[in-house]
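>>> Take this sequence and fold it.
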Amino acid sequence: MAESENRYVGLDVGGTSVKVGLFTENGTLVGKGSVPTPPLVDAAGYAAVIGGIERVLTESDASMNDVLGIGLAIPCPVPADGVIRMQANIEIDAPGLEMALREACPRAAVKFVNDANAAAMGELWAGAAKGSTSLVFVTLGTGVGGGVVIDGKVVAGAFGAGGEIGHLCMNPAEERTCGCGGKGHLEQYASATGLVSSYLAECEAAGVEPIELAGPSDSRSLFQACREGNEQALAAMRTMADCLGRALTLIANVIDPEMFLLGGGTSASSDVFLEPLIERYRSYAIPVNADTPIKVASLGNDAGIYGAAYVALQAAADRTTHLP
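Numbering: from 1, shown residues only. Presented below is the predicted three-dimensional model:
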């Protein structure tokens, strides 16, 4: 088989859908699809995912025999040993799904990766960090997550907590409790939910009526209010920029990455907060890494399938290297 026929599948397993991406070795997306997320705990669930892969392959004039790797980005910790011990918002029997995929596609290496780590790898392979070997990817959405890549490899951690930057403690005196049970974590200030909470606190302190919000994580309305000069919204944004900037300096002093990349839904409003964030980062940073670039990711919602496929490509290469 010609080298150009080798294909790699990236699966991004979300709460409502499993996105499927088919890639060449150089990171070109050649096919894409999705299936509703089934409970991935039995033959019916496995068959639904495998069927989604087969449809994308057929539409791209490829077959299971062309696939050398399948990567799965999943929303739970994936430790270095690959054994998934904790799940949230998803039903998955990882060993059972892996076995089903191996049976359906015997030539493929199969690898699981945390979804934020997958997004980081996707940006490294074919996105805003292409050509780099290290980065820290920060997901800003309902919560705050992250992915760390060093020497071209994702840092999963011994227990799967690599990249959990949303739980850096920025203010131990905070009275509000983080979703994890801790106090004053970055997520409480830099997430969409945290931004709304900070805004409502600013309004209460100032004795003003809040603007109408679509829900507890409606950061889009707050950023629009910032553009219109709303003082309480701007104060909440400055709190976000300050906490996130300080958190990035702490990470930089340990990791010293080539760049920081911002992703997630909140990053779409970077025109409001990126400049203040960079200013706060530089104010806290030590001189040697004060100019580390902070950029917005480029792959959007496709970062997960790109990264999952890239992890699969690496797994396939490692397997070939270790063959006798």
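>>> secondary structure element for Leu250?
Using DSSP states H and E, Leu250 falls within helix 231-255.
>>> pLDDT on that helix, on average?
If you average the pLDDT over helix 231-255, you get 98.
>>> Quick one: distance of that helix to the chain centre.
The chain centre lies 19 Å from the centre of helix 231-255; the measure is Cα atoms, centre = their mean, to the nearest Å.
>>> Same question for stretch 169-178.
The chain centre lies 24 Å from the centre of stretch 169-178; the measure is Cα atoms, centre = their mean.
>>> list the buried ones in that stretch?
Buried residues in stretch 169-178, counted by 16 or more other Cβ atoms under 10 Å: 170, 178. Placement of C-beta: from N, CA and C, glycine included.
>>> got the end-to-end distance for it?
Distance across stretch 169-178, first residue to last, is 10 Å (Cα to Cα, to the nearest Å).
>>> So what touches that stretch?
Contacts of stretch 169-178 with the rest of the structure, by Cβ atoms under 8 Å, 6 or more residues apart in numbering, involve 167, 182-189, 197, 243, 246-247.
>>> Please, a ChimeraX command that selects the buried ones among those residues?
The ChimeraX command for the buried members of the contacts of stretch 169-178 (criterion: 16+ other Cβ under 10 Å) is given here:
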select :167,183,184,185,186,187,188,189,197,243,246,247
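>>> Need the contacts of stretch 169-178 in CSV (columns: secondary structure).
Output for these, formatted as CSV (DSSP: H, G, I helix; E, B strand; the rest coil):
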residue, secondary structure
His167, helix
Gly182, coil
Lys183, strand
Gly184, coil
His185, strand
Leu186, coil
Glu187, helix
Gln188, helix
Tyr189, helix
Ser197, helix
Cys243, helix
Arg246, helix
Ala247, helix
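>>> Out of the contacts of stretch 169-178, which is nearest to Gly27?
Nearest to Gly27 among the contacts of stretch 169-178, counting by Cβ to Cβ, is Ala247 at 29.9 Å.
>>> wait, that closest one sits on Ala190?
Yes: Ala247 is within contact range of Ala190, at 7.4 Å (criterion: Cβ atoms under 8 Å).
>>> now the residue in the chain sticking out farthest from the centre: how far from Gln232?
Here the chain reaches farthest from its C-alpha mean at Gly207, the gap being 37.5 Å by Cα atoms, centre = their mean. When distance is defined by Cβ to Cβ, to the nearest Å, Gly207 is 10 Å away from Gln232.
>>> Leaving out sequence neighbours, find the closest residue to the spatially most central residue of the chain.
Centroid check for the chain by Cα atoms, centre = their mean gives Ala116 as the closest residue, at 2.4 Å. Nearest in space to Ala116, with sequence neighbours left out and distances taken as Cβ to Cβ, 6 or more residues apart in numbering, is Gly145 at 4.1 Å.
>>> Just checking: what are the partner strands of whichever strand or helix holds that neighbour?
Using DSSP H and E, Gly145 sits within strand 144-150. Strand 144-150 pairs in its sheet with strand 135-140 (antiparallel), strand 153-154 (antiparallel), by DSSP bridges.
>>> I appreciate the help and will end here.
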